[in-house]
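Visitor: this is the structure alone, sequence omitted:
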C-alpha cells in the first residue's frame with residue numbers, strides 16, 4: 001500500500017526519466033510533446049537512452065532548454081540503424097512538424113536562388129523555387145537584394161539579356177531593347193551573336209556564380225583568341241573587356257592569400273534571448289556569398305542544434321565545398337556524422353573542422369560578427385514593427401496586439417477568371433507558406449460576392465490543419481461594402497474578429513482604414529501608413545499572380561484541347577504530368593504515351609502538333 005502511494009506521488013519528470021532510461025542505447029530520433037500532444041522539439045542521438053534521460057536529470061539546463069523541458073508531457077522515439085539515418089530523419093521531422101524550439105530554415109520558398117535553365121539558350125534569373133528541370137541553381141541567398149546583386153554582376157560582365165524572351169523562337173520577332181544600344185546586352189534577339197557565343201557567355205557566368213573567376217577568365221581568353229583568329233574582332237573585344245572587368249571583380253572579392261582554398265566558414269552567436277548563424281562562402285580564395293540566419297527567442301541554438309541546421313541547409317541544395325569550418329565545437333560524434341553525411345551528398349570527401357588559428361579562424365570570427373550584427377538588425381526591426389503594431393492597435397481600438405493579420409484582395413480578368421488572394425503577416429514577418437488563393441466559383445463580376453465567398457470558404461475550414469490558426473485582425477482591400485459582406489461571413493461562421501477595409505486614394509495608394517460606419521485616417525502615422533501600404537501591395541501582387549496563373553493554365557489546356565484526340569481531361573493530365581508546356585513540347589512520343597489515359601495515336605498527334613517542321 002505504501003509503495004503504491006509513493007508511486008502515485010512520482011512527478012511527471014520522474015516518470016519521463018524512467019521511460020527514457022528504459023530506451024535502448026541505440027541511434028535514433030526523439031520527439032518531445034506538450035500536454036496537447038504537439039511536437040515541440042525534435043532531436044537525435046547515438047545513444048537514445050542517455051540523451052533523452054539527460055533532459056529529465058538535474059536542473060542545470062540552459063534557459064531555453066529548461067523552458068522546453070518544463071512543457072514536455074511525453075515523448076516518442078524512432079530507432080535508426082545508424083547515426084547518418086538518424087540525422088536525415090531528424091531533418092525530415094523538423095521540416096514536417098516545425099517544432100517551436102528547433103532552429104530551422106524558413107520555408108523553402110523564402111530563400112532566393114539564381115537559376116540557369118537547361119536548353120539551347122539558357123536563361124538566368126532569380127527564383128524562390130528549385131525545380132528538378134535539369135537546370136543549375138546557385139545559392140541560397142539570405143535575401144533577394146544579394147541574389148539580384150550577383151545576377152546583375154554577371155549580366156553586366158557577360159552582357160547577358162535581362163528580358164523574358166525565349167530563344168531561338170523569338171530571334172528576329174521584335175526590335176532589340178535599349179540595352180543593346182547601351183552595350184549592356186549581346187542581343188541574341190537580333191541575331192547579333194551565335195548560339196555558341198551565347199552559351200560560352202552563360203558558362204562563364206556560371207563559373208563566376210560558382211565562385212571560380214579563374215575558370216571564367218580561362219574560358220573568356222579561349223573565346224577571345226578564337227574570335228581574333230577568325231577575325232571576329234567585335235567578339236574578341238567583348239571578351240577582352242569582360243576579362244578586365246573580371247580581374248577587378250576578383251581583386252575586390254579576394255580575402256585569402258592562398259587562392260586555391262575553397263570552404264564555408266560558419267559563425268555562431270549565442271545571444272540572450274536570441275541567436276544567429278552566419279556563413280561566409282569562399283571559393284578560390286574569394287568571398288562569393290554571405291548569408292545570415294537569425295532565430296527567434298524560443299529556438300534553441302547550441303553547437304549541437306547548429307549541426308541539424310547545417311544538415312538542412314546543405315540538403316536544400318547549397319553547394320558543398322571540400323571543407324566546412326566552424327567557429328564552434330560540436331561533439332566529436334555530431335561532427336563525424338555531419339562529415340559523413342556531407343561526403344555522401346557531395347559524392348566525395350568533405351571535412352568538418354573547428355577552425356582555431358590563422359586566416360581560417362579569422363574568417364570564422366568574421367562570420368560570428370556578422371551573426372551578431374544580424375541579431376542587432378533583427379532586434380531593431382522587431383522593435384520598430386512592434387511599435388507600429390502598437391500604434392495600429394491604438395488607432396483601431398483593438399483589445400489585443402495583432403500577432404497574426406490576414407489580408408484579402410480580389411482580382412478579375414473578365415467573367416471567367418476571378419481569384420481571391422490571402423496573405424498572412426505573423427510574428428513580425430510575411431508568412432508566405434500560409435498564403436492561399438481561392439478560385440471564385442459562385443459569382444461573376446461581383447467584387448462583394450467574391451469577397452464573401454472567399455471569407456466563407458476560409459472560415460468554414462478553420463478546423464483544418466492548414467487553417468487552424470485564426471487571425472487577430474482581418475484587412476480587406478476595399479471599402480465599406482467589402483467590410484459589410486466580410487462581417488456577414490464572420491457572423492455566419494460564428495466568429496468575432498476585428499475586420500477593416502483598406503481604402504485607396506485616386507492614385508491607388510492606401511489612404512485610410514474603414515469600418516461600416518467610419519473612416520480611420522492613417523496619413524499622420526507614417527510607420528502605419530508604410531506598413532499597410534506594403535501589405536496592400538503584397539496582397540494585390542499575390543491575387544493578380546494567382547489570376548494570371550489560372551488564365552495561363554486554362555489557355556494551355558485550350559491549346560492542347562484543339563489537338564485531335566485530346567479533350568479536357570487528357571489536357572489536364574498532360575500538364576499535371578509534365579508541369580510546364582515547354583517540357584511537354586520537348587517530350588518524345590513514348591513519354592507522352594506514358595501519361596495515364598493517353599494512347600499511342602493521341603501521343604503521336606500531340607508530338608506532331610508541336611513538331612510540325614520535323615514531321
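Guide: Received, thanks. Because the structure is predicted, anything quoted here is derived from the model rather than measured.
Visitor: for the lengthiest helix in the chain, give the mean pLDDT please.
Guide: Counting by DSSP state H, the longest helix found in the chain is helix 358-395. Mean per-residue pLDDT for helix 358-395: 90.
Visitor: same deal with stretch 121-129?
Guide: 88.
Visitor: for it, which outside residues touch it?
Guide: Stretch 121-129 has contacts (CB atoms under 8 Å, 6 or more residues apart in numbering) with 108-117, 135, 137, 144, 147-148, 151, 154-155, 160, 164, 166-168, 188, 195, 198-199, 202, 205. The way it works is simple: take the backbone N, C-alpha and C, and place the C-beta from them, glycine included.
Visitor: which among those residues end up buried?
Guide: Neighbour-count burial (16 or more other CB atoms under 10 Å) applied to the contacts of stretch 121-129 gives 110-117, 135, 137, 147-148, 151, 154-155, 160, 167, 188, 198, 202, 205.
Visitor: of those residues, which belong to strands?
Guide: The strands, defined by DSSP state E, take in 113-116, 137 from the buried ones among the contacts of stretch 121-129.
Visitor: so what's the closest residue in space to residue 206 that isn't next to it in sequence bridging to?
Guide: Among residues not flanking residue 206 along the chain, residue 116 sits closest, at 5.8 Å (CB to CB, 6 or more residues apart in numbering). On the basis of DSSP bridges, residue 116 is bridged to residue 124, residue 136.
Visitor: show me the contacts for residue 116.
Guide: If you count contacts by CB under 8 Å, 6+ apart, then residue 116 has 122-124, 135-138, 202, 205-206, 209 around it.
Visitor: same check, this time on residue 388
Guide: Residue 388 makes contact with 527-528, 531, according to CB under 8 Å, 6+ apart.
Visitor: any idea how far residue 540 is from it?
Guide: Distance, residue 388 to residue 540, using CB to CB, to the nearest Å: 20 Å.
Visitor: give me the element the residue nearest to residue 514 when sequence neighbours are not counted is part of.
Guide: Nearest residue to residue 514 in three dimensions, chain neighbours excluded: residue 501, at 4.5 Å (CB to CB, 6+ apart). Assigned by DSSP states H and E, residue 501 belongs to strand 499-504.
Visitor: which strands border that strand, and is each parallel or antiparallel?
Guide: Partner strands for strand 499-504, per DSSP bridges, with pairing direction: strand 473-477 (parallel), strand 510-514 (antiparallel).
Visitor: in CSV: these, plus distance to residue 227, mean pLDDT and mean neighbour count.
Guide: CSV is the format used below for the strands paired with strand 499-504 (distance: least, CB to CB, whole Å; pLDDT from 0 to 100; neighbours: other CB atoms under 10 Å):
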stretch, distance to residue 227, mean pLDDT, mean neighbour count
strand 473-477, 54, 94, 25
strand 510-514, 54, 87, 20
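Visitor: straight-line length of stretch 129-138, end to end?
Guide: Length of stretch 129-138, first residue to last, CA to CA, to the nearest Å: 12 Å.
Visitor: quick one: buried residues of it?
Guide: 130, 135-138.
Visitor: reformat these as CSV; add distance to residue 100.
Guide: Output for the buried residues of stretch 129-138, formatted as CSV (distance: CB to CB, whole Å):
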residue, distance to residue 100
130, 27
135, 36
136, 36
137, 30
138, 32
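Visitor: which residue in these has the weakest pLDDT?
Guide: Least confident of these in the model: residue 130, at 75.
Visitor: ok, that residue to residue 343 distance?
Guide: When residue 130 is compared with residue 343 (using CB to CB), they lie 22 Å apart.
Visitor: and for residue 75?
Guide: 31 Å.
Visitor: which stretches of the stretch 101-250 of the chain have low pLDDT?
Guide: Across the stretch 101-250 of the chain, the ranges flagged by pLDDT under 70 are 106-110, 215, 245-250.
Visitor: typo on my end, it should be the stretch 251-400 of the chain
Guide: The model of the stretch 251-400 of the chain has pLDDT under 70 over residues 251-259.
Visitor: what about the strands in it?
Guide: With strands called from DSSP state E, counting those that start in this stretch, the stretch 251-400 of the chain shows them at 263-270, 275-283, 286-294, 323-326, 351-354.
Visitor: ok, which of those strands comes nearest residue 515?
Guide: strand 286-294 (36.9 Å; CB to CB).
Visitor: go through that closest one and flag the buried ones.
Guide: 286-294.
Visitor: how does this protein divide into domains?
Guide: 2-97, 119-253, 263-378, 404-547, 562-610 (automatic domain parsing).
Visitor: between the two ends of the last one, how far is it?
Guide: End-to-end span of domain 562-610 (CA to CA): 12 Å.
Visitor: count of residues packed around residue 224?
Guide: Residues lying near residue 224 (other CB atoms under 10 Å) number 20.
Visitor: residues in contact with it?
Guide: Residues in contact with residue 224, defined by CB under 8 Å, 6+ apart, are 236, 239-240, 243.
Visitor: out of those residues, which is nearest to residue 443?
Guide: Looking across the contacts of residue 224 and measuring by CB to CB, the closest to residue 443 is residue 239, at 59.5 Å.
Visitor: grab the nearest non-local neighbour of the closest one.
Guide: Nearest residue to residue 239, sequence neighbours excluded (CB to CB, 6+ apart): residue 224, at 3.7 Å.
Visitor: measure residue 31 to residue 37 for me?
Guide: As for residue 31, its distance to residue 37 is 10 Å (criterion: CB to CB).
Visitor: between those two, point out the one with more neighbours.
Guide: Set residue 31 next to residue 37 and count neighbours by other CB under 10 Å: residue 31 wins out with 18 against 8.
Visitor: wait, which of the strands paired with strand 499-504 is closest to residue 45?
Guide: Nearest to residue 45, of all these, is strand 473-477, at 42.4 Å by CB to CB.
Visitor: need the next SSE after the closest one, C-terminal direction.
Guide: Counting by DSSP H and E, what follows strand 473-477 is helix 480-492.
Visitor: outside of that following helix, which residues touch it?
Guide: Under CB under 8 Å, 6+ apart, the answer for helix 480-492 is 447-449, 451-452, 455-456, 459, 474, 476, 496-497, 499-501, 514-516.
Visitor: buried ones in it?
Guide: Those would be 482-487, 489-490, for helix 480-492 by 16+ other CB under 10 Å.
Visitor: how far off centre is it?
Guide: Distance of helix 480-492 from the chain centroid (CA atoms, centre = their mean, to the nearest Å) equals 34 Å.
Visitor: same deal with stretch 278-294?
Guide: Worked out by CA atoms, centre = their mean, stretch 278-294 lies 18 Å from the chain centre.
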